[in-house]
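Visitor: The following comprises the amino acid sequence and a computationally predicted model.
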Amino acid sequence: MTKLILKNLLIGFLISFLFLSSNLLAQDREIVFAHENFSAILAQAKKENKLIFMDCWATWCRPCIQMANTAFKDNAAADFYNTTFVNAKFDMEKGEGIDLKNKYNVNVFPTLLFIDGDGNVVHRSAGGRDAAGIIALGKVALNPTERFSYLRDNYEANKTDGAIVLKYLNALRDAYVPHYEVANAYFANLSEADYLKAENWQVIVNFVEDYTIPVFKYLVQNKKVFSEKFGEKAVNDKIEQVYFQSQAKFLRRNLDEVAYNQSKELILAENNELAKRAIKTADVYFYQVKQDWTTYVATIDELVTKMNYNDASRINSFGWTVFEQLNDADASSKAIKWLEIAIKLEAKAAYYDTMANLYFKTGNKPKAIESQQKAIELAKNEGESIEQYENTLKKFKK
């Protein structure tokens, strides 16, 4: 009996050991990449009748490094890619990668390419992904009617089909390839009556960014008709966003004030309230870049309290900037008023947290504590971590 027990224990131990060992080994798999000799990689892909998956990266690219350390070392991703593709990885700023960058028009990192044995890109995307995203991307590349090359060729053959154009535009955006010319060319071939079709509204919302083109001007002139079909807020938000983005492109560290002001005058000449509000919003960031905090606060105050501004998230951001950058009681008091407006639009934990910090900065501890307690209550309801909010509350109570 003793020998039998010992035998069973030994068998159990061996089974457990083998199971544990296999699991430990399983955690060690990763996508295997070739790093040089692209001609040989092409030849291998052609011989094996596989696509090349090429990770186009740079040493300074954080999403590239994160993906290499996580998604590329995932068991399922490794198994899928190592059996399905010939995998290559090139630094686009060194050696052979420089020529490949130019050949395949790689302008952002990471760019993820799927290339056939003849060197043609059949699918492309850009940006970091987790393991599930990497696997999903590979499956799209294998689908003849979903991958980038098909969508491009289908668009070339059907340039007036809204559904086809929209799918191609989404693919261009996903790949970080310029897409505005495609959108503009599409609308140039349509009648004004076609602008109001549902599929074309989606193209307008996602891909129209130029306030000077006919489709946008038609949208502004027929705002009421579009609002009846697609909702007033959605229409107003789109119009305002286009005006704002036209100004935002100038708001860089090397601020070109002359160009900014020239563009500003052209947009204000549109003479509608949404254009005026968009310019006022852009002016907030203009004065932030210039570190002109007095005018910054005055501009926000006019925008939020007098122009029916309804972007609660951005109002919260304005208030937080005041908290971080200014030691001015009057500015903090104004920012509290802005946060009250934001909370009326949308009560969120983060907004109460900003208000609480502003109250504390003005010396009003009771209101700071009250607002922070509300932030914690809302954070719990929103499923958000409350640790940081609680730490702030402790600071207020000292």
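Guide: Yes, it's here.

Visitor: residue contacts, the residue minimising distance to the centre of the chain?
Guide: Against the mean C-alpha coordinate of the chain, by C-alpha atoms, centre = their mean, the closest residue is residue 127 at 9.3 Å. Residue 127 is in contact with 63, 108, 110, 176, counting by C-beta atoms under 8 Å, 6 or more residues apart in numbering. For glycine as for every other residue, the C-beta is placed from the backbone atoms N, C-alpha and C.

Visitor: what kind of secondary structure is residue 53 in?
Guide: Using DSSP: H, G, I helix; E, B strand; the rest coil, the secondary structure recorded for residue 53 is strand.

Visitor: any idea how far it lies from residue 234?
Guide: Separation of residue 53 from residue 234 (C-beta to C-beta, to the nearest Å) stands at 38 Å.

Visitor: Comparing the two, which residue is more hemmed in?
Guide: Neighbour comparison, residue 53 and residue 234: the larger count goes to residue 53, with 24 against 14 (by other C-beta atoms under 10 Å).

Visitor: tell me the phi and psi of the residue lying closest to the more buried one once chain neighbours are set aside?
Guide: Ranked by C-beta to C-beta, 6 or more residues apart in numbering and with sequence neighbours excluded, the top spatial neighbour of residue 53 is residue 85, at 4.1 Å. Dihedral angles of residue 85 (phi, psi; degrees, to the nearest 10) stand at phi -120, psi 160.

Visitor: from memory residue 85 sits against residue 135, does it?
Guide: No. In this structure, residue 85 is not within contact of residue 135 by C-beta atoms under 8 Å, at 11.5 Å.

Visitor: Comparing these two, which residue is more hemmed in?
Guide: Under the criterion of other C-beta under 10 Å, the comparison of residue 85 against residue 135 puts residue 85 first, with 21 against 18.

Visitor: show me the contacts for that one.
Guide: Taking C-beta under 8 Å, 6+ apart as the contact definition, residue 85 lies against 50, 51, 52, 53, 114, 138.

Visitor: now those in TSV, with distance to residue 266?
Guide: What follows is those, written out as TSV (distance: C-beta to C-beta, whole Å):
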residue	distance to residue 266
50	52
51	47
52	47
53	46
114	43
138	46
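
Visitor: Can I get the residues you listed in a markdown table including distance to residue 318 and pLDDT?
Guide: Below are those laid out as a markdown table (distance: C-beta to C-beta, whole Å; pLDDT from 0 to 100):
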| residue | distance to residue 318 | pLDDT |
| --- | --- | --- |
| 50 | 52 | 97 |
| 51 | 48 | 98 |
| 52 | 48 | 98 |
| 53 | 44 | 98 |
| 114 | 43 | 98 |
| 138 | 43 | 97 |
